[in-house]
Every structure is written in structure tokens, then in C-alpha cells.
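Peer 1: I'll drop the sequence and a predicted model, then ask my questions.
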Amino acid sequence: MTQEQFERTIDRDQRVEPRDWMPDAYRATMIRQIAQHAHSEIIGMQPEGLWITRAPSLRRRAILLAKVQDEAGHGLYLYSAAETLGADRAELTEKLISGRQKYSSIFNYPTLTFADVGVIGWLVDGAAICNQVPLCRSSYGPYARAMIRICKEESFHQRQGYELLMTLMRGTPAQREMVQDAVNRWWWPSLMMFGPPDADSTHTERSMAWKIKRHTNDELRQRFVDMTVPQADALGVTLPDPELRWNAERGHHDFGPIDWSELKRVISGDGPCNAERVAVRRAAHEDGAWVREAAAAYAAKQAERERRRDGEGLAAV
Ligand code: BYC
């Protein structure tokens, strides 16, 4: 495949596959986005994972356990997709735990009560769905295909969060307050998940031209707000934005200004839980060294056995 064929593939809305020729910058952009996405799924296990042992019932614990395991699975598909581009998985992990590669800002906030588990499902997974459904049509084949399964699972995650919140809202005044408090803390960080405003987004223009991204950060953020407002009404919670209102002329909800300095701070490593999240991931990686060594020793032994078997086979011919 040549540059011309690559461009034709993009123009015709076909998929670029691992063995196809692609511009170096396309490959680098894909590795960057997929690796950040994979890291987000893996780091994203922590805020909710902390509640597995403290879930209020066996049913809630089983659901949460399954959800957190799904996130691990998403991370694995995504690391595999990055490997199809020539990235080395061990190197990506090294970059994450040394702070050289990013993961989503949203996972640097603490989960203070069990209502946070519901709100993460509703808002964070809701935002993830808004962002990721269009990525099912992303131009890089392995990424687009991984995203189809991920979105199906995210959709279950979002519903379990909403169902948890509906249950709490039917409970005591203290439970309703707990939900409102969690919504107050997660609303603005959820809007920041979509990335900087279009005017400050370094990669959007090129990623749109290559059909990696199908919508800009601001378009998806608006779509999320429009989708979430009626859900908040149905739930009976107030979104913490006095400027949030329907604008009939635009056919969208207007919303108040986002504190972009907070996003910058969190992305640059200075959010409430950045240090803790990376330290936990680094410790898990170090604790798992013996598993990797054992797996490598086993693979070497198998390869040696096969080599010998092939040698014996050749000798018999
Ligand atoms: N947090 O030019 P821009 C999940 C960075 S997993 C941190 O707009 P782009 C879930 C950006 O990387 C959720 N960094 O970038 C898991 C860039 O920096 P670099 C993760 C951010 O790539 C478990 C710079 O800011 N989802 O849902 O065109 C449990 C300029 O930005 C953020 C994905 O990863 C941020 N929020 O657009 C529950 C989806 N925003 O790389 C749920 C795939 C921006 O130049 N990714 N940055 O150093 C994407 O769709 C895009 O990468 C983004 C950013 C929309 C996030």
C-alpha cells in the first residue's frame, strides 16, 4: 500500500489494517490515543475497585466486581490493538508508571461514598459511551473493532450505575443527599473528560482528517450534556450548574464555563489522586514480576521442546 492507497482508504471510509502502509504520524497518533485509552481502562479500575470489599450487599458486590473485571478486559484488548501498530506492551506500561504517558483525567478524583460508584456508572461511563460510540467507525480497523465490544459493555455499566442511583433516590433523605453530593463532585470532571475546548485541542484537526476522531471534543461534550439533562430530571437530582438551560434557538442546552485550569492541573499530574493512582499501578506491576518471569520461562521451555521435536522430525525424514 502507498500513500495514495492510504488516502483512498480514508476517503472511502474503509479501514486501515495493521499490514497496510500508513504515514508515520498516523501510526504515532494511533499508538498515543490507544495507549492512553488502555491506560485509562486499567487505572480506571482503581476508584471503583476500592469499593468492592465495601459494597453494601452481595448483589452489588457481584455487579461491581464484574464491571471492574470488564475494565481490565478493555485494557487488554486495547494494548493488543496498540501492539498491532508495533508498540511494545512492556514499554507502554513503563511509560505509564513513570508518568511519561497520560490516562484520563477523570480517574484522579477520589470515590468518597458508594453513591460515587453509581455516579461513575451514570456520568463517567455515559461520557465514555458518547466519546466511544463514534470510535467504532474510527479508521484504524483493530481499534474500531475493539471499540464495538467495549461500547456494549460500557452500556451495561452505565445502566447499572443509573439503577444503583435510582435505588438510592428511593431510599432515605441521607441516601438522596449522598447521591446529590456525588453528582456535585463528578459533574464538571465528567465534562472535562472530553478534552480541551476545540480551539485548544492540538490533535483534533488532523485526527478528524484521518477519520480517527469523528466529532470534535466540544461536539461530544454538548451531546453528553443534552443526553444527561433529562436523565438527571428523571432521577430527581440537580446538575451543579446554575447556567444550565435549554436554548431553543440552538436546539441544545447551554452550560456554564468549565474551569480549564483544573483540567490542565490534573492532566499535568497535580490532581487529587494522581500520585496514588500511579503508585498503586507501579506496585501492582512490580508485584506481578514473578508472574511475567514464570510465563516467559514456560514459553521458553515450550519453544525449546518444539525446536527439539522439529529437529527429531527432520532427522526422521
Ligand atoms: N485526560 O488534542 P486533544 C473509560 C490530552 S476510559 C487526560 O484534544 P485528542 C472508563 C490529550 O491526550 C476513558 N488527558 O487530544 C474506564 C493531549 O495530550 P498529548 C478514556 C487528556 O487525543 C474505566 C492533550 O490533552 N477514553 O471511559 O485529540 C471505568 C490535547 O488534547 C484529556 C479514551 O481514551 C483527558 N480527559 O482528544 C470507566 C477515549 N483530554 O497526548 C470508564 C479515546 C485530552 O498530546 N480518546 N487530553 O500529550 C479520545 O477520544 C481522545 O484521545 C480524547 C482527547 C477525546 C480523550
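Peer 2: Received it, and whenever you're ready, just let me know what you need. Numbers count the residues shown, from 1 in each chain.
Peer 1: was I right about Asn217 contacting Pro197?
Peer 2: Yes - counting by Cβ atoms under 8 Å, Asn217 touches Pro197, with 6.8 Å between them. From N, CA and C alone the C-beta is placed, and that goes for glycine too.
Peer 1: Which one's more surrounded, those two?
Peer 2: Neighbour count, other Cβ atoms under 10 Å: between Asn217 and Pro197, Asn217 has more, with 21 against 15.
Peer 1: Return the residues in contact with Ile63.
Peer 2: By Cβ atoms under 8 Å, 6 or more residues apart in numbering, Ile63 lies in contact with Gln160.
Peer 1: On the three-state scheme, it is what?
Peer 2: Of the three states, Ile63 takes helix according to DSSP: H, G, I helix; E, B strand; the rest coil.
Peer 1: And it, how close does it get to Gly86?
Peer 2: Distance, Ile63 to Gly86, using Cβ to Cβ, to the nearest Å: 38 Å.
Peer 1: burial of Glu7, as a residue count?
Peer 2: Counted with other Cβ under 10 Å, residues neighbouring Glu7 total 12.
Peer 1: same thing with the one 10 residues further on?
Peer 2: A total of 13 residues lie near Glu17 under the criterion other Cβ under 10 Å.
Peer 1: contact partners of stretch 215-229?
Peer 2: Outside stretch 215-229, the residues that touch it by Cβ under 8 Å, 6+ apart are 123, 126-127, 130-131, 134, 190-191, 194-198, 201, 204, 208, 239, 244, 246, 252-253, 255.
Peer 1: Can you say which of the residues you listed are also within reach of the ligand?
Peer 2: When Cβ under 6 Å from any ligand atom is applied, the members of those adjacent to the ligand are Asn131, Phe194, Gly195, Pro196, Ser201, Thr204.
Peer 1: show me where pLDDT drops low in this protein?
Peer 2: By pLDDT under 70, the weakly predicted segments of the chain are 1, 314, 316-317.
Peer 1: quick one, strands of it?
Peer 2: 245-247, 252-254 (DSSP state E).
Peer 1: Put together CSV for these, with distance to Tyr143 and mean neighbour count on each row.
Peer 2: Shown next, in CSV, are the strands of the chain (distance: least, Cβ to Cβ, whole Å; neighbours: other Cβ atoms under 10 Å):
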stretch, distance to Tyr143, mean neighbour count
strand 245-247, 35, 11
strand 252-254, 29, 15
